[in-house]
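Enquirer: Predicted structure and sequence below. I'll ask about it afterward.
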Amino acid sequence: MDTNYSDKRISDSMEEALNKQMNAEAEQAQAYLALGVWADSNNYAGIAEFFYKHSEEEREHMFKFLEYINARGGTAKIGAIPAPRDNPTDLQSCIEDVWQHELDNSQKIYALVDKAMEEKDWATFNFMQWFVKEQIEEEALIDGLRDKFALASEDKGNNANFYSLDRDMQNAPQEAEIPRESKL
């Protein structure tokens, strides 16, 4: 029996867009790894641990895209990962850079959701919902880190606050609680 059909259940343009995001997740894993190394070399062991764990989480996100692309009959394509940006000048710029990245990444995720809706690719739309929720959590997590940093750094003459922040970050969760809709 001659079956002339493809097992590919994803458009070429969606495959390309998902591959782009998969590689962006790999790039972000490297960026968090670099920030962890920077924090480690500046004696922020807790903050380094936080960034190392986050690097691993971003790599897991990359694998989710890789597995999904292949499961839908596409081909995951690993691209070159650009070198991370130069080291931050201080802890505040480090945290603000991470905040901006998470905001930017949310926009990329939303664009993929929009694309799935435009193509009526409901499988990809459903797959992307996990990432929408993840980005809400990521934004809440990093915004909370920004708040903690602001509190710790209000008294510029008291480095004990930085020590406490660093210690807290060592065992900080990699997820944040987000408000849930109430059930009526």
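Expert: It's in.
Enquirer: Let's check: the centremost residue of the protein is which one?
Expert: The centroid of the chain falls nearest to residue 58 when counting by CA atoms, centre = their mean (5.1 Å).
Enquirer: so that one touches residue 35, yeah?
Expert: No. Taking contacts as CB atoms under 8 Å, residue 58 lies outside contact range of residue 35: 11.3 Å. C-beta: built from backbone N, CA, C; applies to glycine.
Enquirer: could you measure the residue nearest to the centre of the chain against residue 7, distance?
Expert: 29 Å (CB to CB, to the nearest Å).
Enquirer: Give me the helices and strands touching the longest helix seen in the chain, please.
Expert: Looking across the chain with DSSP state H, the single longest helix is helix 122-153. Other elements packing on helix 122-153 under the criterion 3 or more CB pairs under 8 Å, 6 or more residues apart in numbering; DSSP states H and E are helix 45-71, helix 91-119, helix 160-170.
Enquirer: Can you say which of the ones you listed is packed in most?
Expert: Mean neighbours per residue, mean count of other CB atoms under 10 Å, is largest over the helices and strands packed on helix 122-153 for helix 45-71, with a mean of 18.
Enquirer: Quick check, residue 25 in contact with residue 66.
Expert: No. Shown here, residue 25 and residue 66 do not form a contact pair, counting by CB under 8 Å, at 9.2 Å.
Enquirer: Ends of stretch 68-87, what's the gap?
Expert: 33 Å (CA to CA, to the nearest Å).
Enquirer: If you count neighbours, what's buried in the longest helix of the chain?
Expert: Residues 124-125, 127-128, 131, 134-135, 137-142, 145, 148-149, 152-153 are the ones in helix 122-153 that count as buried (16 or more other CB atoms under 10 Å).
Enquirer: how far out from the middle of the chain is it?
Expert: Put simply, helix 122-153 sits 8 Å off its chain's centre (CA atoms, centre = their mean, to the nearest Å).
Enquirer: pLDDT averaged over that helix - what is it?
Expert: Computed over helix 122-153, the mean pLDDT rounds to 93.
Enquirer: what residues are up against residue 28?
Expert: 58, 101, 105 (CB atoms under 8 Å, 6 or more residues apart in numbering).
Enquirer: Alright, I will stop here.
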